[in-house]
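K.L.:
fold the following for me, if possible:
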Amino acid sequence: MTKSAILIKLLKFNVSMEIVVTLRFKNYALACLVLALFCQTSVAFAQRQSPVIAYLTDVEGKWQKFADFLKDNPHVFFNGGGKLKLADGVTFVYGGDATDSGPNNAEVVDQLIRLKKRYPARVILLAGNRDIGKLDLDSFLVRPLTPKLLDRLQKEGLSDTRTGRVKLLCELLGYPGAFDDRKAELALLKGRSVSDDDVTSQMIADIRPGGRQRVYLEKSQLMYRNGETLFVHGAVLDDNLGVVGNSQAHAYAQVEDWMRDLNQWYAQQINEWEKTGDASELVKYGKPVPGTFQNRASVVVGRYTDASGNSRMPSRHLIEYLKENGIRRIVVGHTPQGDGPTILRENGFEIIVADNTDAPHGSKLFITGHEVEVESKVRLPNGEETYQMKWAIDDDTPLGHRLASSDHLLKAKLKNGSWLTFQVGPPPDFEVEHRVISQDEVLRIGVKVNSNRFFDGLCAMVFGN
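P.N.:
Numbers count the residues shown, from 1 in each chain. Modelled structure (predicted):
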């Protein structure tokens, strides 16, 4: 047998290595065994890594934010025929929360569904808390209301009717104004004035078979991994690691196995809801613990925040577990970050929180292997400024660290070389503060490690479980 060269891309520990194995007939069996072992760990892993991942999340019914993401976007764009397209090899991840805070809910969801149908393997839809909350509508319309809810209904000036209950559910889920937004949207779509009952009927139809909200949920999942990046809506934390649904945590050696089981559980819950109308377990998993702002046992409504609302790294134990599994980056939405994504970085690991809720625009986020590219805007006292950043996960940069003299996080580097800092004020207002400081000032002050020693305790004090 003549000599053959076999090229293997070894990515198990996110270190790009090329191994060339020269085979001769006499050691062919041994070489095949070695290759089989590599295929189980490295080659299969490499095949799951797309050249480019385009990410958007938390548009929440505001098409303008989607349009901002699409503008001059080489990876996701409208073609000449008005169809939303992906460039060759691109994976598009939508991080959840498609509706409820704007006037374009139908357009946003319809475009996401069409794109998913067009590229079923390359479009990933994650279910956010606002999406999952729709599952409670059927049950809420028929079940007896508690005295507390009846009192709330009366205080809101609502009657115990279908429409009254739908309006109350919007309030209970934290979507004030959602019903009125839907009414304005429906009137625009129909080209005439509509009644409250018309809006109620449309919202119910949206979760019936073939309805847009139902289809979105059917085509969604809770976790997605691409190469070294893990995507969820809320957060991966010690409290939800290995948790499937509302059960106790299981010690998974491989993240892939946990992700598989959690996504299967989600699909089973959707099937159960479609058969029986009961979605209570999934609804419970997708909403905060009563009296708190999160459920740390859920990847949907967990948060990377401390008691003051500022983003923090997860525990070092969790980070090391993920790195051992080849994951060096988590990308999430869910938690408002002011203008533009927040980046947290430490020891070759990073968290990107790219929620668009509070920003008047939609940010662009592209991931190519070790590299991340962000384009966003920030509102400053002297006007709005667009900024672009590109970095690799192992770059030595102050980005994603806090100033040594305060809790201000270095969020972005602006065009003139100065730095945008970010901090959230104390509860209950959690007011966002952006500042601009020079590169010289950053060098003078220095930065500190994103300590997470007291993270769990701080969160337990304010946010609860």
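K.L.:
assign a three-state SS to V331, would you?
P.N.:
Counting by DSSP: H, G, I helix; E, B strand; the rest coil, the backbone at V331 sits in strand.
K.L.:
for it, name its beta-bridge partners.
P.N.:
With DSSP bridges as the criterion, the beta-bridge partners of V331 are F231, I352.
K.L.:
pLDDT of stretch 186-204, averaged?
P.N.:
With pLDDT averaged residue by residue, stretch 186-204 scores 96.
K.L.:
next one: stretch 250-269
P.N.:
Averaging pLDDT residue by residue across stretch 250-269 gives 97.
K.L.:
what does the helix or strand hosting L137 contact?
P.N.:
When elements are defined using DSSP states H and E, L137 is found to belong to helix 137-142. Applying C-beta atoms under 8 Å, 6 or more residues apart in numbering, the contact partners of helix 137-142 are R162, R165, V166, L169, M203, I204, I207, G277, D278, A279, S280. In this view, the C-beta of every residue, glycine as well, is placed from N, C-alpha and C.
K.L.:
that helix: which residues count as buried?
P.N.:
Going by neighbour count (16 or more other C-beta atoms under 10 Å), the buried part of helix 137-142 is L137, D138, F140.
K.L.:
low-confidence regions, the protein specifically.
P.N.:
1-50, 451-465 (pLDDT under 70).
K.L.:
can you pull the contacts of V301?
P.N.:
The neighbours of V301, taking C-beta under 8 Å, 6+ apart as the test, are N129, H233, G234, G286, K287, P288, Q294, N295, H334.
K.L.:
one more time with 10 Å
P.N.:
Under the criterion of C-beta atoms under 10 Å, 6 or more residues apart in numbering, the neighbours of V301 are 128-129, 132, 233-235, 240, 285-289, 292-295, 334-335.
K.L.:
which ones among those residues lie within helices?
P.N.:
N129, I132, Y285 (DSSP state H).
K.L.:
surely the first one touches G96?
P.N.:
Right, N129. Yes - taking contacts as C-beta atoms under 10 Å, N129 lies within contact range of G96: 7.6 Å.
K.L.:
which neighbours do those two share?
P.N.:
Both N129 and G96 are in contact with H233, G234, G286, V300, H334, where contact means C-beta under 10 Å, 6+ apart.
K.L.:
not counting its neighbours along the chain, what's nearest the last one?
P.N.:
Yep, that's H334 we're talking about. With sequence-adjacent residues excluded and distances taken as C-beta to C-beta, 6 or more residues apart in numbering, H334 is closest to G234, at 4.5 Å.
K.L.:
any idea how far the one you found is from N416?
P.N.:
Plainly put, G234 is 35 Å away from N416 if you go by C-beta to C-beta, to the nearest Å.
K.L.:
which parts of the stretch 51-200 of the chain are helices?
P.N.:
Using DSSP state H, counting those that start in this stretch, the helices assigned to the stretch 51-200 of the chain run over residues 63-70, 105-118, 129-132, 137-142, 147-155, 162-172, 178-190, 196-205.
K.L.:
residues in contact with the shortest one?
P.N.:
Among residues not part of helix 129-132, those counted as contacts by C-beta under 10 Å, 6+ apart are 58, 60-61, 96-101, 109, 125, 173-175, 178, 213, 216-217, 220, 222, 233-234, 266, 269-270, 279, 282-288, 294-295, 298, 300-301, 334.
K.L.:
make it 8 Å
P.N.:
Outside helix 129-132, the residues that touch it by C-beta under 8 Å, 6+ apart are 60, 96-100, 173, 175, 213, 216-217, 220, 233-234, 282-283, 285-287, 300-301, 334.
K.L.:
higher neighbour count, G234 and N416?
P.N.:
The residue with more neighbours, out of G234 and N416 and counting by other C-beta atoms under 10 Å, is G234; that gives 30 against 10.
K.L.:
need the longest helix for this protein.
P.N.:
For the chain, the helix that runs over the most residues, judged by DSSP H, is helix 255-276.
K.L.:
now it - C-alpha only, PDB.
P.N.:
Listed in PDB are the C-alpha atoms of helix 255-276, where the atom choice follows Å, rounded to 0.1, in the frame of the first residue of the first chain:
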ATOM      1  CA  VAL A 255     -22.600  18.900  28.600                       C
ATOM      2  CA  GLU A 256     -23.900  17.400  25.300                       C
ATOM      3  CA  ASP A 257     -25.800  14.800  27.300                       C
ATOM      4  CA  TRP A 258     -27.400  17.300  29.600                       C
ATOM      5  CA  MET A 259     -28.300  19.500  26.600                       C
ATOM      6  CA  ARG A 260     -29.900  16.500  24.800                       C
ATOM      7  CA  ASP A 261     -32.000  15.600  27.800                       C
ATOM      8  CA  LEU A 262     -33.100  19.100  28.500                       C
ATOM      9  CA  ASN A 263     -34.100  19.700  24.900                       C
ATOM     10  CA  GLN A 264     -35.900  16.400  24.800                       C
ATOM     11  CA  TRP A 265     -37.800  17.300  28.000                       C
ATOM     12  CA  TYR A 266     -38.800  20.600  26.400                       C
ATOM     13  CA  ALA A 267     -40.100  18.800  23.300                       C
ATOM     14  CA  GLN A 268     -42.000  16.400  25.500                       C
ATOM     15  CA  GLN A 269     -43.600  19.200  27.400                       C
ATOM     16  CA  ILE A 270     -44.800  20.900  24.200                       C
ATOM     17  CA  ASN A 271     -46.200  17.600  23.000                       C
ATOM     18  CA  GLU A 272     -48.000  17.100  26.300                       C
ATOM     19  CA  TRP A 273     -49.500  20.600  26.100                       C
ATOM     20  CA  GLU A 274     -50.700  20.000  22.600                       C
ATOM     21  CA  LYS A 275     -52.400  16.700  23.700                       C
ATOM     22  CA  THR A 276     -53.900  17.800  27.100                       C
END
